[in-house]
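Colleague: Can you look at this prediction? I've put the sequence above it.
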Amino acid sequence: MLFWFEAMNDVRVRFAPSPTGYLHVGGLRTALYNFLFAKGSGGKFVLRVEDTDRSRYVDGAVENLINTLCWAGLEYDEGPNAGGEFGPYVQSERLDIYKNHVSTLIEKKAAYRCFCTPERLEQMRKELEKKKLTPKYDRTCLRLSEKEIEESLASGKPYVVRMRVPDDAPIRFSDMVRGDVEFSPEQIDDQVLLKSDGYPTYHLANVVDDHLMKISHVIRGEEWLSSTPKHVLLYRFFGWELPNFAHLPLLLNPDRSKLSKRQGDVAVEDYRKKGYLPEALANFVALLGWNPGDDREIFTLKELEKEFSLEKVNKAGAIFNIEKLNWLNFQHLRRKTDDEVLAMLKEYLSAAGYQPLEDQYLRGVVAAMRERVTFVKDYVEKSPYFFQAPKEYDPDVIKKRWDPKSPDYLRELVSEFSKLEYPRKEDYEAALKRSAESMKVGNGELIHPLRLAVSGVGEGPGVYEIIYILGKEETLRRLNSAIERIK
């Protein structure tokens, strides 16, 4: 029998993270795909916090998750701080709901109480591993009589509640990414549904909440595929219709191992701190498992809302390519208007402790460096000379471009530049040519030491553009300083 139902008319999807730390980029992709599917279908995107594993709970993680989603542009329709008719949206506030549903399962003989101690369970697991058998509960407590159960309850013996997995038929379901999927009952353990502390496990709370919140599509990572038969059974036990399932491909390192912190950053916050734009990161993770069916790669969030479909999500694992992310950040930064870049640059400079600079000056820096930067911070890191005079000079450039006559060349430039009134770029260029002609040398003999003197390095935007932005007085100060300091 195939336990599958057609899609509900009203699309409702959810992102249900656990507050155990920072948001993983894989979690961001899951949230993004749910968000895009909801927007493209005219549905609702729900945020639900699954905080029933109290041993892994991290203070402040919920606030961090919400902040990160908002930064990425993924605003939810229902959830903590947003409200909605199916709340509360934090599972630790729904414990009575889960207990009532567990009681229903016990009454239906679809679940049973297990009084086994952790020591006995650990011993059982070791024995099964020695025999090279799959670790599964041996159903000792399923065979307890009603009298034994009552005695254990009366004595206050701690217990968990386990699901009773039927052994009569395979569990089958359809997946929008993977097609028809089948699991044998022998592969499925009698999963704990309610822990001894009264908190539900993920499996119970997940299914109960998805049903009560009218979730139509469960879109989540491939790592949950092996848990889905347990969820299918719970839907069957309760007599509920299944949602549509879609399990997303794994994220992989370039060596095709599972993406992990051992090989690089995995937290969204890490990329945010490094200066990646939210639209670039969203664009990047959207392409980790999905493509539009053609060679387009650059998308805004609004464009993704129109283009995204689950039918174009791949089964194969997606390689996390940092060079691709950097390229996308460069492309999205290039698309920003001068005003947008100016605002971001001013915010960065303020946070870094730089003295305020005039907007007109900063606009010149933006224009000069726009095609050379991947991040906003690059405006400072790749061209620090726009923000402070060189404290040192590149020794390799000195060795290659500075000779005993260079100080004389710069003195001649000081003389010529001093005569200029309100100079433009072309005025500086003409002055340099006059100096070169009077000294009977090529322009390059003056250009290279000029660049070194004003910037401290041997590359960057055009040297006339640099000195035009710096202004006449600052240029003269730097030339005189270099004459004295470079030996």
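Modeller: Cool, the structure landed.
Colleague: What separation do you get for the residue nearest to Glu371 when sequence neighbours are not counted and Glu340?
Modeller: Closest residue to Glu371 apart from its sequence neighbours, by C-beta to C-beta, 6 or more residues apart in numbering: Arg334 at 7.4 Å. C-beta here means a position set from N, CA and C on the backbone, and glycine is covered the same way. Applying C-beta to C-beta, to the nearest Å, the value for Arg334 to Glu340 is 11 Å.
Colleague: what's the answer for Leu410, then?
Modeller: From Leu410 across to Glu340, the span is 38 Å (C-beta to C-beta).
Colleague: Just give the nearest non-adjacent residue to Phe237, would you?
Modeller: Leaving aside its sequence neighbours, Phe237 sits nearest to Ala110 (C-beta to C-beta, 6+ apart; 4.1 Å).
Colleague: just the strands in this structure please.
Modeller: According to DSSP state E, the chain carries its strands in the segments 12-15, 44-47, 111-114, 160-163, 171-175, 179-183, 192-194, 217-221, 244-248, 251-252, 318-319.
Colleague: The fifth one: how far from the chain's middle?
Modeller: Same thing as strand 171-175. Counting by C-alpha atoms, centre = their mean, to the nearest Å, strand 171-175 is centred 30 Å from the centre of its parent chain.
Colleague: Also the third one?
Modeller: In this view, strand 111-114 has its centroid 40 Å away from the chain centroid, taken as C-alpha atoms, centre = their mean.
Colleague: Same check on the last one?
Modeller: With C-alpha atoms, centre = their mean as the basis, strand 318-319 stands 14 Å off its chain's centre.
Colleague: ok, residues contacting that strand?
Modeller: Contacts of strand 318-319 with the rest of the structure, by C-beta atoms under 8 Å, 6 or more residues apart in numbering, involve Pro249, Leu250, Leu251, Leu252, Asn253, Pro254, Arg256, Leu287, Leu288, Gly289.
Colleague: List the ones among these that fall in helices.
Modeller: If you go by DSSP state H, these have nothing in helices.
Colleague: Taking those residues together, which two end up most distant?
Modeller: Using C-beta to C-beta, these span at most 17.4 Å, a distance reached by Arg256 and Leu287.
Colleague: neighbour-wise, which of the two wins?
Modeller: Leu287 (20 against 9; other C-beta atoms under 10 Å).
Colleague: any idea how far Leu281 is from the more buried one?
Modeller: On the measure of C-beta to C-beta, Leu287 and Leu281 end up 11 Å apart.
Colleague: Could you do Leu105 as well?
Modeller: For Leu105, the distance to Leu281 equals 42 Å [C-beta to C-beta].
Colleague: sorry, back to before: which of Leu410 and Glu340 has more residues huddled nearby?
Modeller: Counted by other C-beta under 10 Å, Leu410 and Glu340 do not tie: Leu410 has more neighbours, with 24 against 12.
Colleague: Could you check how far the more buried one is from Ala453?
Modeller: Separation of Leu410 from Ala453 (C-beta to C-beta): 6 Å.
Colleague: Overlap of the contact sets of those two?
Modeller: What both Leu410 and Ala453 touch, as defined by C-beta under 8 Å, 6+ apart, is the set Leu479, Ala482, Ile483.
Colleague: And the pLDDT at the residue nearest to Asp189 when sequence neighbours are not counted?
Modeller: Excluding the flanking residues, the one nearest Asp189 by C-beta to C-beta, 6+ apart is Lys136, at 4.6 Å. In this model, Lys136 is scored at 91, pLDDT.
Colleague: for Lys136, what are its contacts?
Modeller: Taking C-beta under 8 Å, 6+ apart, one finds Leu128, Asp189, Asp190 in contact with Lys136.
Colleague: Check Glu429 too.
Modeller: Residues near Glu429 by C-beta under 8 Å, 6+ apart: Tyr464.
Colleague: and what of the one 10 residues further on?
Modeller: The contact partners of Met439, taken as C-beta under 8 Å, 6+ apart, are Asp408, Tyr409, Glu412, Glu445, Leu446.
Colleague: Can you list the buried residues in stretch 392-399?
Modeller: For stretch 392-399, burial by neighbour count (16 or more other C-beta atoms under 10 Å) applies to Tyr393, Asp394, Val397, Ile398.
Colleague: Let me know the average pLDDT across it.
Modeller: Averaging pLDDT along stretch 392-399 yields 96.
Colleague: Any regions of the stretch 151-300 of the chain where pLDDT drops low?
Modeller: Scanning the stretch 151-300 of the chain for pLDDT under 70 picks out the ranges 261-264.
Colleague: how about a cut-off of 80?
Modeller: For the stretch 151-300 of the chain, the stretches with pLDDT under 80 are 260-265.
Colleague: tell me the angle the helix ranked longest in the chain makes with strand 244-248.
Modeller: Using DSSP H to define each element, the chain has its longest helix at helix 25-41. Calculated by axes from the mean of the first three to the mean of the last three C-alpha atoms, to 10 degrees, helix 25-41 forms an angle of 140 degrees with strand 244-248.
Colleague: For helix 25-41, what is the distance to the chain centroid?
Modeller: 12 Å.
Colleague: How about stretch 31-51?
Modeller: Here the centre of stretch 31-51 is set off from its chain's centre by 16 Å, with C-alpha atoms, centre = their mean.
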